[in-house]
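Student: Predicted coordinates and the sequence they were generated for:
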Amino acid sequence: MGSFLVCYGSSEGQTAKIADRIAARLRDRDHEATAVDAGALETDYPLGGFDAVVVGSSIHVGSHQASVRSFVEANAEALAALPTAFFQVSLSSVADDPEWRAEAARYVEEFLEDTGFQPDRIARFGGALRYSKYGFLKRLVMKRSAREATGDTDTSRDYEYTDWAEVEGFTDDFAAFVERRVATGSNEPT
């Protein structure tokens, strides 16, 4: 069927894990799908061979991955001509507190406004706390953040907050959107 690029930026690996799951789900729907770390791509990576692009980034210290921002800005024209989706991964998306959730939404809004990116679909997923991978200082900082967001402060273990059914639902929705566009030959959003 279609060919999808899933381009992502990840610090501790959860966004990469989500991107891989999205690519696998797309392949289950008989599409070609390639998940690639934005940091490993040439800035102006050619998108001409793809029918659609999914872009994903984690949030760290209030910012999206610089490699993802560079990819989106360098490929703005090509992305505008293709069906696109964007997903963000953060602890703010996990918290029950409406202020934290609003913060996660604000991160997306600011990224889209700053880059001019206008994806057809957007999702915000919970990430993970990888205490076992953090150095001493980062573990302290993340423990403090986690206390407010999730309450998970036991640094002797890792925590995963990603709702995999939500990831699959997002992927299926975007794939169906692309399939409809391909079937009708339309370049108009639906």
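Tutor: Everything's here; your move.

Student: a helix runs through I122, doesn't it?
Tutor: No: counting by DSSP: H, G, I helix; E, B strand; the rest coil, I122 falls outside a helix, being strand.

Student: Bridge partners for it, pull those for me.
Tutor: F86 (DSSP bridges).

Student: need the contact list for it.
Tutor: A85, F86, F87, Q88, V108 (CB atoms under 8 Å, 6 or more residues apart in numbering). Any C-beta I mention is one placed from the backbone N, CA and C, and that applies to glycine too.

Student: swap in I18?
Tutor: Y8, G56, F87, V89, F125, T162, V167.

Student: Which of those fall within helices?
Tutor: The helices, defined by DSSP state H, take in V167 from these.

Student: For D44, give me the pLDDT.
Tutor: pLDDT recorded at D44 is 69.

Student: Sorry, slip of the keys, the one I care about is N187.
Tutor: pLDDT at N187 comes out at 59.

Student: Quick check: the farthest pair among the contacts of I18?
Tutor: With CB to CB as the measure, no two of those lie farther apart than Y8 and T162, at 13.3 Å.

Student: list the buried ones in the helix or strand bottoming out on mean pLDDT in the chain?
Tutor: The helix or strand of the chain with the lowest confidence, counting by mean pLDDT, DSSP states H and E, is helix 136-149 at a mean of 81. Judged by neighbour count using 16 or more other CB atoms under 10 Å, the buried positions of helix 136-149 are R139, M142, K143, S145, A146, A149.

Student: Does the first one touch S156 like I think?
Tutor: The reference is to R139. No: using CB atoms under 8 Å, R139 is not in contact with S156; the gap is 10.6 Å.

Student: Fine by me, thanks again.
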